[in-house]
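# Need coordinates for the below:
(chains A and B)
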Amino acid sequence: MIELKEVSLEYQNGTLALKDINLHIGQGELVYIAGPSGSGKTSLLKLLMGMENPTAGTVTVLGKSLTNAKPRKISRIRRKIGPVFQDLKLIPGRSALENVLMGVRFLNFSWAKKNENALIAIERVGLAHKAYSMVENLSLGELQRVALARAIAREPKIIIADEPTANLDHDNAVNIFNILSSLKNQNITVIVATHATHLFDPKENFTLIRMDQGSISIEKRFCSNGERDIDTQMHQRSIRVERRGDV
Amino acid sequence: MKNFISNIGYFFKEARRICRTNKLSNVFTFLGTTLVLLLLALAVAGWSVSSRLVFMLEREAEVSAFFHNSISQSEAQALAGQIATFDGVLDASVIDEAEAFNRMEDILADEAGVLELFDENPFEAYIEIRIKPQKVSQIVEKLNNLPQIESVRDNKDILDQLSSLTNALSAIGYLVVIAVGITTIIIISHMIRQGIYNNREQINTLRLLGAPGSFIGLPFVLVGMLITISAGMLALGIALLLILYSYGRIGSTLSFIPLPVKSELMLIVTTVLVSVSVLLGILGSVFGLSSITKKSSPSS
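Next up, the predicted model:
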């Protein structure tokens, strides 16, 4: 589904954002990418979205190489991805529903399906009562959920969310995480970059990628059997599986 | 295609929104395009009138070939038939002495009494040849090579000037059409680029969501086309009113000018303006849109 081989990314100002990343993410996986600011989380997601070109190595998403791909090819791959951007990228002057519809209008769905998907997605994130509210009148938490609804309505194969709970209070953040983790049950690959490691649901199976200074420092899969803090599980009781090898 | 049809409502809604958000700029674009297209309409009308004038003058272009006195009437008719086959000759007919005299009487009108001073008809028979002015040199050369022809009166200077006038009018016409076309394309494409700039964040978001360029660009093309076509319609309305007014004025004061039929002229101006508006609207929008397609991924 997603494959990165010996990938490095160096920006024009000389900053080395990613160093020799090797990564494989399979279909239906829930993957959290954690790490301090500037560790390369967003750069990694940008590579997966075709927003950056690797300076070395190859990036393959949904079986298609994104390395030096033409814009049209990148667009086709992006149509199969549901992105939740860190800055949300909602379109002002429109309602929540219109924003969700903007993400599906150009997809190859029937007119009825586009509308149905948008309404279901809005309902799924708990904003049915605000579907026709202008985005300017929504709270930050509600805006985060509109952005998530836009991603879900596209029936994507992959959801990529960059800090989807930033600036949210605890309840809203847990709500977003619950929705995201529920998506993997629909065989959707969910990749979430976040600082909020304390919000991971220990009952879920997920992969945690820890990033530091452009490298993947820890990469484990946890099959939790309790409600313990995730960091404790990491060090004590979780089943650890090295990704390169037995996944 | 299915996608396109299901999104038609959206495209028009977006186009209306783009128009509203760039209202002042679009109003100026509309007025500027109207004036440019009005100039085109007037140029087309002027071209049509002058072409008609030139056509009428061209129809009068003729040379006179005088043949030897020894040639009989029937030989002269045969010679006229031969000349009529020359390239550039519209028709050729024999004018006998009596007809030549009558024509001069008509020309002189009140002064025709002067002809009575002659004891006998001073005019000779000749062959009147109506020609295309552009071919005058070749035709005169061929006539001079005919042994039966004694002399040729060609009015070459006048015919050459007429030919130059025709060419000049055509050149001016083409120049105006090209100038109007380029100006309109620049105005419309600039307006589209400004619209794209004002909506750059939305366009960027749509790109990141994987929207194809055609989906992003179509509302802008629609705006360009709607503004150009509306400007074309307004320019057409003003031009038609001006034609109606001018025909009333010229018909009564300058009646010797051979104006084309009013309805024909209006049809020509309408056809040209509508088709040019649509064409320029599309071209202007496409040029403007190039800024969307040129700016490629991966950075956006």
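# Bridged to the closest residue to residue B:59 other than its chain neighbours, which residues?
Excluding its sequence neighbours, the residue lying closest to residue B:59 (C-beta to C-beta, 6 or more residues apart in numbering or on different chains) is residue B:130, at 7.3 Å. Every residue, glycine included, has its C-beta placed from N, CA and C. Note on residue B:130: beta-bridge partners by DSSP bridges are residue B:62, residue B:91.
# From residue B:89, how far off is residue B:130?
In this view, residue B:130 and residue B:89 are 7 Å apart by C-beta to C-beta, to the nearest Å.
# of the two, who's got more company?
Using other C-beta atoms under 10 Å in any protein chain shown, the more surrounded residue of residue B:130 and residue B:89 is residue B:89, with 20 against 16.
# residues in contact with the more buried one?
Applying C-beta atoms under 8 Å, 6 or more residues apart in numbering or on different chains to residue B:89 gives the contacts B:83, B:129-131, B:135, B:139.
# Can you name the two of those residues that sit furthest apart?
B:83 and B:135 (12.5 Å; C-beta to C-beta).
# out of these two, which sits in the more crowded spot?
More crowded of residue B:83 and residue B:135, by other C-beta under 10 Å: residue B:83, with 23 against 18.
# you'd agree the more buried one is up against residue B:127?
Yes. Judged on C-beta atoms under 8 Å, residue B:83 makes contact with residue B:127 at a distance of 6.2 Å.
# which residues are common contacts for those two?
With C-beta under 8 Å, 6+ apart, residue B:83 and residue B:127 have common neighbours B:65, B:92.
# Please report the confidence value the model assigns to the residue of chain A found nearest chain B.
For chain A and chain B, the shortest gap (C-beta to the nearest C-beta) falls at residue A:78, measuring 3.1 Å. In the predicted model, residue A:78 carries a pLDDT score of 95.
# you'd agree it is up against residue A:50?
Yes. In this structure residue A:78 lies within contact range of residue A:50 using C-beta under 8 Å: 6.3 Å.
# ok, and for stretch A:86-106, which residues are buried?
Of the residues in stretch A:86-106, A:88-91, A:94-106 count as buried by neighbour count, 16 or more other C-beta atoms under 10 Å in any protein chain shown.
# again, but for stretch B:205-222
Of all the residues in stretch B:205-222, those buried under the rule 16+ other C-beta under 10 Å are B:205-213, B:215-222.
# So which residues on chain A come close to chain B?
A:49-53, A:66, A:69-72, A:74-81, A:83, A:85, A:89, A:91, A:93, A:102-103, A:105-108, A:110-111, A:114, A:150, A:154 (C-beta under 8 Å from any C-beta of the partner chain).
# Run through chain B and note the low-pLDDT ranges.
Regions of chain B meeting the criterion pLDDT under 70 cover residues B:1, B:251-252, B:254-257, B:291-300.
# just the helices in it please.
Under the criterion DSSP state H, chain B contains helices at B:2-6, B:8-21, B:23-59, B:73-84, B:97-108, B:136-144, B:156-198, B:200-208, B:213-253, B:262-294.
# Run through who's touching the fifth one.
The list of residues contacting helix B:97-108 from outside it, by C-beta under 8 Å, 6+ apart, reads B:95, B:112, B:114-115, B:121, B:123-126.
# filter the residues you listed to the buried ones?
Buried members of the contacts of helix B:97-108, counted by 16+ other C-beta under 10 Å: B:95, B:123, B:125-126.
# from those residues, which are also near chain A?
Taking C-beta under 8 Å from any C-beta as the test, chain A is in contact with none of these.
# Is it possible to get CSV of these that adds distance to residue A:143?
Shown next, in CSV, are the buried ones among the contacts of helix B:97-108 (distance: C-beta to C-beta, whole Å):
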residue, distance to residue A:143
B:95, 94
B:123, 100
B:125, 100
B:126, 95
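# From those residues, which land in strands?
The strands, defined by DSSP state E, take in B:95, B:126 from the buried ones among the contacts of helix B:97-108.
# Grab the nearest non-local neighbour of whichever residue of chain B sits closest to chain A.
Nearest residue of chain B to chain A, counting by C-beta to the nearest C-beta: residue B:210, 3.1 Å away. Spatial nearest neighbour of residue B:210, excluding adjacent residues (C-beta to C-beta, 6+ apart): residue A:78 at 3.1 Å.
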